[in-house]
Structure formats: C-alpha cells, structure tokens
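Enquirer: structure of the sequence below:
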Amino acid sequence: MSTTTSQTPESEGPAEGPPRPARLIQNEVTTEIPVHLLFRDDPDPSPVPLKPAVVGRRQGTGEQPRLRRPALVKARPVPAVDPDLAESPARVLPGAAGLFAGTVGVAGCLATSWWAGVLPQLAAEALRLPVWAGAGLGPAQWAAYAGAGALGLLGFGGLSRGTTGRAAVLGAFGRYRGTVRRTGLLWVNPLLRRRRVDVRLRHWRSEPMPAADGNGVALRVVVLVVWRVRDTARAVLGVEDHERYLRECVEAALTRVPVEMPGRPTGVMEAAVEALTRRVAADAAPVGLEVFSVQPLRTEYAPEVASAMHRRRIAALDAQQRASMLTSVVDSVEDTVTRLTMRGLVELDDYERKVLVRDLTVAFCAGRTEATP
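Expert: A predicted model of the protein is given here:
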C-alpha cells in the first residue's frame, strides 16, 4: 500500500530559521542597514553621508514628539572700536617757537606800517624810527601786512598750556592727528581741533543699581569704580561718551555677576568683587578705559522683597538661637546626670533616669528663656 505525500510550497528549500516575531507596534517604522556596509574590507572606506535622524511621534502609541533643545548662543565679546585707531603722540613745538613767530609777525606789521607811512609819529618816535614820508599802501604793503599778520596769528594762536593729568586729542577734518600729553607751554597747530581729556585716576560712585545674589534675590547695590583713561583716541573717538559707556558696563555686569550680602565670609566677598571687576574691565578695555576695582559700598534688598527677606532673616536668627540654646541645655543635662551617677549620689533605673532628664531639661530651658531678653 503506497502512501502519497503531498508537497506544499512551504516544504521546498532549506529551512530559514524561526519565524520573525510580529511587530508589537503596528505603525512602527524601521530602517534596514545593507549587509555589504557591515562587512567591507576596504581599509580606507569613503565616508557614507548619513541623514540626520528625525524622531517624530508614533501614531497610536501616545508618545509625544521630542523637542530639540535650542543651541546655546554664547555671548560675543565686545569688539575693538577700530583696529587702526590707537593713541599716538602728536607733533607739537615748544612754546618758545610760537612766541618767537608771534613776535616776528607783530614786528613785521609795525615795519610795514612804517614803510607805508601810516605809523603815527608818536609811535615812530617811541620806537626810535627815522622820519619817513612813506610809500603809501600799495600791493606790496598789503602783501607784507598779510604775511606778517598770518605769522603773528599762527604764532600766538597756537600757544597752549599742557597740564599734568590732562591730555588733548587733536583732529582735523574728522581725522585723528595725535594726542598731546606733554606739560608746560607748547605750540599746537591752531587749525586742529582740540578735545580735553582727563587721564588721572578717577573714582565714580554710582546710584543704587539693580542686582541679584546667588539665589536670584533682587538687590540694590551702590558701587565705587576706580578707573582711568588709558587710550585717549579710543575713549574720545571710539564712543560718544566714555563715562556713560562705563556706567552701562557696570549695570550690565551687575545683572550677570551675583553680589553677596554683607556678613558672608571674606573669601566669598573677595571672589565676588574680583569677578565683578574682571567683567567690567573686559567690557571697558576695547574703548580705552582701564578699570582697577569695582567695589560694592552698600548692598540692600530691593523694596519689593525687603520685608519678606527681613522676616526670613529674623526667623533664621531665631532658629539658630534656639538650636544653640537646645544644644547648651542638652550638654548641661548630660553633664549633671553623669556627675550624679558617677559619684554615687543616686541610684537610678531607666525610668527614674528618664524622669530626671525630663525635669532637668524643662528647668534649664525655663531658666534660659527667662535669662534671654
């Protein structure tokens, strides 16, 4: 008897292993990796461009889309005003040269007047000049007047006095011509524009400015800034008003650097002052200002949080005082019980010891409370 076996398509070919498990999530989408990328023998394979993965919400799973964190934008440093703008010494002459040129110009005008015959007779006699009828005011005389007058105006008009601690920034037609830091009598080209700058060590006391401590509590701070103008060209020509720029730098630094309230350890206070000084000095350096110190003089809580912080400080002091008093009472009770038992004055069991400790604690706490005003 022959048995006929029917072959089905599933029995053809070698077995392919256990069947693949069904997907747990019906809407799951996966990406297959080509096998030839996993077993490449190329020692220096060329990079394969990969597209950035985008994770979205899977339908039917209740999963919310993942939000990408925004990239942190780092604050850019303050750029230099102008790389080519830097202080340089101006060309000036000693004051004696201006006096000599002015005197020569005045003498030339007098000589031209005598030559033209317009010098009064009394002036001629005072100058001991011979009597001269005069040639009259002709083109030559007017030219001599113009030359001598221009020489006198340039000579006396360019005289300037340089003082210690002040400098003059010179400019002509919008172009920087140098800085004068010399002292004494000088001659400066009178056609140049002069801007006086105080280059001495200066102190600036601010008005109450908004600030914050390490916990973000609003404060009002009065600071003392010690500074001076290091580069006059950048301080005068780089910004409209370098003093106002310094005030704004201090306000900006107070919003970024936490300020500590008085009463903190000295090291913490010094670290806060140093961080504040570094911040202001870095912001003011590109405009030619040198900051030495930014010292908080008075620090207080802002009006909107002053009352709440005052109550909080009182509560903290009260809790600290209570904790200190409780520690002192416990030490006193322990010392009393130890002395009584070690000297053999009393024999106490556990119950009597607990009662004694309780009574001594109440007595000591009552005595400390009455002694505290």
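Enquirer: longest helix anywhere in this protein?
Expert: Counting residues, the longest helix in the chain under DSSP state H turns out to be helix 303-342.
Enquirer: dump the following helix or strand past it to CSV, keeping only the CA atoms.
Expert: Where DSSP states H and E defines the elements, the next helix or strand beyond helix 303-342 is helix 350-371. In CSV, the C-alpha atoms belonging to helix 350-371 read as follows (Å, rounded to 0.1, in the frame of the first residue of the first chain):
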residue,chain,number,x,y,z
ASP,A,350,15.9,53.6,83.4
TYR,A,351,12.5,55.1,84.4
GLU,A,352,14.0,57.4,87.0
ARG,A,353,16.8,58.4,84.7
LYS,A,354,14.2,59.5,82.0
VAL,A,355,12.2,61.4,84.6
LEU,A,356,15.3,63.2,85.8
VAL,A,357,16.4,64.1,82.3
ARG,A,358,13.0,65.5,81.5
ASP,A,359,12.8,67.6,84.7
LEU,A,360,16.3,68.9,84.2
THR,A,361,15.6,69.8,80.6
VAL,A,362,12.4,71.7,81.5
ALA,A,363,14.2,73.5,84.3
PHE,A,364,17.2,74.5,82.2
CYS,A,365,15.0,75.6,79.2
ALA,A,366,12.8,77.7,81.5
GLY,A,367,15.9,79.3,83.1
ARG,A,368,17.5,80.1,79.7
THR,A,369,14.2,81.6,78.4
GLU,A,370,13.9,83.9,81.4
ALA,A,371,17.6,85.0,81.1
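Enquirer: centre of the chain to helix 350-371, how far?
Expert: Distance of helix 350-371 from the chain centroid (Cα atoms, centre = their mean, to the nearest Å) equals 58 Å.
Enquirer: and stretch 297-304, by the same measure?
Expert: Taking Cα atoms, centre = their mean, one finds stretch 297-304 lying 21 Å from the centre of the chain it belongs to.
Enquirer: quick one: residue 171 is in a strand?
Expert: Yes - under DSSP: H, G, I helix; E, B strand; the rest coil, residue 171 sits within a strand.
Enquirer: excluding its backbone neighbours, what's nearest it?
Expert: residue 193 (4.9 Å; Cβ to Cβ, 6 or more residues apart in numbering). To be clear about C-beta, it is placed using only N, CA and C from the backbone, and glycine gets the same treatment.
Enquirer: what of residue 103?
Expert: Spatial nearest neighbour of residue 103, chain neighbours left out: residue 155 (7.3 Å); criterion: Cβ to Cβ, 6+ apart.
Enquirer: what do you get for residue 297?
Expert: In this structure, residue 297 finds its nearest non-sequential neighbour in residue 222, 4.8 Å apart by Cβ to Cβ, 6+ apart.
Enquirer: contacting residues around the one you found?
Expert: Residue 222 makes contact with 205-209, 296-299, according to Cβ atoms under 8 Å, 6 or more residues apart in numbering.
Enquirer: hmm, which of these is lowest in pLDDT?
Expert: Lowest pLDDT among those: residue 299, with 88.
Enquirer: what comes up buried for whichever helix or strand that one is part of?
Expert: In the assignment (DSSP H and E), residue 299 maps to strand 289-301. Residues of strand 289-301 classed as buried: 289, 291, 293-294, 296, 299, 301 (neighbour count, 16 or more other Cβ atoms under 10 Å).
Enquirer: what of stretch 182-189?
Expert: For stretch 182-189, a neighbour-count test (16+ other Cβ under 10 Å) marks 182, 186-189 as buried.
Enquirer: just the terminal-to-terminal distance for it.
Expert: Stretch 182-189 has an end-to-end distance of 15 Å (Cα to Cα, to the nearest Å).
Enquirer: quick one: mean pLDDT for that stretch?
Expert: Per-residue pLDDT over stretch 182-189 has a mean of 93.
Enquirer: which residues does the closest residue to residue 329 other than its chain neighbours contact?
Expert: Nearest non-adjacent residue to residue 329, counting by Cβ to Cβ, 6+ apart: residue 364, 4.5 Å away. By Cβ under 8 Å, 6+ apart, the residues touching residue 364 are 329, 332-333.
Enquirer: same list (these) but as CSV, adding pLDDT and distance to residue 92.
Expert: Listed next are these as CSV, based on pLDDT from 0 to 100; distance: Cβ to Cβ, whole Å:
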residue, pLDDT, distance to residue 92
329, 82, 82
332, 84, 83
333, 83, 86
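Enquirer: who wins on neighbours among those?
Expert: Counting neighbours by other Cβ atoms under 10 Å, residue 333 leads these with 20 neighbours.
Enquirer: where does the residue lying closest to that one once chain neighbours are set aside land on pLDDT?
Expert: Take residue 333 and drop its neighbours on the chain: the residue closest to it by Cβ to Cβ, 6+ apart is residue 360, 4.6 Å away. We have a pLDDT of 81 for residue 360.
Enquirer: roughly how far apart are residue 360 and residue 342?
Expert: Counting by Cβ to Cβ, to the nearest Å, the separation of residue 360 from residue 342 is 16 Å.
Enquirer: repeat for residue 156
Expert: The gap separating residue 156 from residue 342 is 104 Å, by Cβ to Cβ.
Enquirer: more neighbours: these two, which one.
Expert: Using other Cβ under 10 Å as the criterion, residue 156 and residue 342 rank with residue 156 on top: 17 against 8.
Enquirer: state the number of residues packed around the residue lying closest to that one once chain neighbours are set aside.
Expert: Using Cβ to Cβ, 6+ apart and skipping the chain neighbours, the partner closest in space to residue 156 is residue 102 (3.8 Å). Per other Cβ under 10 Å, the neighbour tally for residue 102 reads 20.
Enquirer: same question, residue 250
Expert: For residue 250, the neighbour count with other Cβ under 10 Å is 22.
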